[in-house]
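> Sequence plus the predicted model coming up.
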Amino acid sequence: MQIIKYEELRDDFFLVKNAEDLDTFKKIIKEVKTNGDWAVKKYTKKFDNLDLDSFEISKKQIQDAYKKTDTKTIRALKKAISNIKFFAKKQMSNFKEFEIKTNGVVLGQKIIPIQTVGCYVPGGRFPLASSALMSIIPAKTAGVENIIVCSPKIKDVVIVASDMAGADRIFNIGGIQAIAALAFGTKNIPKANKIIGPGNKYVAAAKKEVYGTVGIDFIASASEILIIADESTNPKFIAADLLAQAEHDVDAKANLITDSLKIAKAVNIELNCQIKKLKTKSIIRESLKNSKIILVENLDDAVEIANKYAPEHLELQIKNPDKIINKLKNYGGLFIGKYSAEVFGDYCVGPNHILPTNKAAKYTGGLSVGDFLKIQTYQKIDKCSDDLIKIATSLAEIEGLDGHKNAALIRLKGQ
């Protein structure tokens with residue numbers, strides 16, 4: 001990886017990369033909206049080379065998928081589900097309904113789950129069973145009634161993971177056509193109230209296009225990791241974590257910030273050594289071309305870069321992480337200490353791995369139970385106090401809204 005000094009860092013390192021805005025995907029979305037299943041079938045054949053009579057995975061296909069999945073994988077999925085569910089339940093416990101009475105007015109808050117959610121599970125090069133767990137489990141924990149999974153060229157392990165996590169229906173479709181189908185609904189594919197889950201740049205662009213018709217989690221792009229390290233760390237660990245992130249996609253970003261030239265050089269040696277053993281080396285080599293090792297004078301500079309960059313994954317492999325944790329404001333997931341490998345977050349430790357990318361961590365956190373809940377308020381007024389009417393009429397006069405003023409005053413006359 002290229003080693004550069006902080007002052008050599010170009011502004012484009014911090015730029016937001018906009019999702020694709022192509023006429024092609026707009027055309028596909030419009031066609032699915034107009035022609036429904038016919039268009040979904042057409043584009044699934046075109047892009048995935050699948051000529052499907054039925055999009056939905058049947059109960060028999062689910063049973064067959066279990067038979068084809070080895071017991072070691074089933075056992076690992078069960079343990080991961082247990083950890084993810086434990087964390088999701090803890091999140092859920094922090095959402096409370098309440099009702100209070102003040103000045104003769106009853107005020108309250110209700111927590112109501114979204115009714116139907118579409119969970120997109122990427123296909124592509126790898127069967128991302130973990131993404132099925134991370135999207136379905138918090139939805140299930142929140143109490144979502146209908147959880148719909150869409151995944152292109154769906155693999156047996158993704159079918160099994162989706163079923164074990166609690167999906168209600170599973171569809172063998174992906175890409176732009178899947179997002180459009182979930183947004184507008186077709187004869188065979190239910191319309192979702194919200195679409196969540198990661199995907200490639202075309203999926204991200206499609207989610208952006210249908211937002212408003214349907215809710216989305218956030219617009220994600222290529223996966224990212226930023227590691228802050230000092231001389232106390234293990235360069236083998238850093239190199240391994242950079243390589244693990246880089247193998248996601250040729251557009252993935254794997255960056256390191258360190259105040260030690262010794263560590264920078266040692267990490268590069270380890271990268272060259274470890275990459276030789278990996279089956280995904282061709283992808284990694286491409287993504288590392290977009291990645292950097294940034295030398296800083298001190299950790300305050302590292303904090304400044306991290307807050308400006310707002311990475312999806314932020315690792316702290318330094319001697320005293322507590323000294324800077326509260327200074328860090330923008331990240332999707334934080335991994336503290338040299339044994340807190342990002343891979344554990346990807347699979348099984350508990351917190352969600354569907355995290356904001358492309359600087360979105362500046363305004364949102366990762367997927368949580370809260371993304372599947374609506375916090376809805378109510379008020380009950382049996383008798384209007386003079387004070388309440390005076391406040392409302394005064395503000396209505398300021399805003400020039402005479403009908404508002406009338407609606408308040410008529411309550412006074414009605415008494």
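Nice, I can see it.

> care to break the chain down by domain?
Following automatic domain parsing, the chain resolves into domains at 23-216, 222-363, 386-414.

> pLDDT averaged over the longest one - what is it?
Domain 23-216 comes out with an average pLDDT of 96.

> who touches the residue nearest the centre of the chain in this structure?
Nearest residue to the geometric centre of the chain (CA atoms, centre = their mean): Ile354, 3.2 Å. Counting by CB atoms under 8 Å, 6 or more residues apart in numbering, Ile354 makes contact with 131, 134-135, 196-198, 217, 220, 366-367. C-beta coordinates here come from the backbone N, C-alpha and C atoms, glycine included.

> What count of nearby residues applies to the residue nearest to Lys68 when sequence neighbours are not counted?
Spatial nearest neighbour of Lys68, excluding adjacent residues (CB to CB, 6 or more residues apart in numbering): Asp156 at 4.7 Å. Burial of Asp156, expressed as a neighbour count using other CB atoms under 10 Å, amounts to 18.

> for Gly345, same thing?
That count, for Gly345 with other CB under 10 Å as the rule, works out to 23.

> Let me see the confidence value for the residue nearest to Arg125 when sequence neighbours are not counted.
In this structure, Arg125 finds its nearest non-sequential neighbour in Ile283, 7.7 Å apart by CB to CB, 6+ apart. In this prediction, Ile283 carries a pLDDT score of 95.

> so how far is Phe344 from Pro235?
Distance of Pro235 to Phe344, computed by CB to CB, to the nearest Å: 19 Å.

> neighbour-wise, which of those two wins?
Pro235 (23 against 15).

> Surely that one is in contact with Asn272?
No - using CB atoms under 8 Å, Pro235 makes no contact with Asn272, being 11.7 Å away.

> Contacts only, for the residue nearest to Arg125.
125, 246-250.

> all strands of the stretch 101-250 of the chain, in order?
Remark: strands assigned in the stretch 101-250 of the chain by DSSP state E, counting those that start in this stretch are 105-113, 116-120, 146-150, 169-171, 194-196, 215-216, 224-229.

> any chance of the ones you listed in CSV, plus distance to Ile28 and mean neighbour count?
As requested, these are arranged in CSV below (distance: least, CB to CB, whole Å; neighbours: other CB atoms under 10 Å):
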stretch, distance to Ile28, mean neighbour count
strand 105-113, 30, 14
strand 116-120, 15, 27
strand 146-150, 14, 25
strand 169-171, 17, 22
strand 194-196, 15, 24
strand 215-216, 17, 22
strand 224-229, 27, 26
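
> Ok, which of those strands comes nearest Lys68?
strand 169-171 (15.2 Å; CB to CB).

> do you know how far Ile293 is from Ser131?
From Ile293 to Ser131 the distance is 29 Å (CB to CB).

> what does Tyr339 give?
24 Å.

> who's more crowded, these two?
Ser131 (24 against 10).

> quick one, what contacts the more buried one?
Contacts of Ser131 by CB under 8 Å, 6+ apart are 121-122, 197-198, 353-354.

> and of the strands of the stretch 101-250 of the chain, who's closest to Lys380?
strand 105-113 (4.0 Å).

> Run through the neighbouring helices and strands of the closest one.
strand 98-102, strand 373-381 (3 or more CB pairs under 8 Å, 6 or more residues apart in numbering; DSSP states H and E).

> one more time with 10 Å, if that's ok
strand 98-102, helix 129-142, strand 373-381 (3 or more CB pairs under 10 Å, 6 or more residues apart in numbering; DSSP states H and E).

> This completes my enquiry, with thanks.
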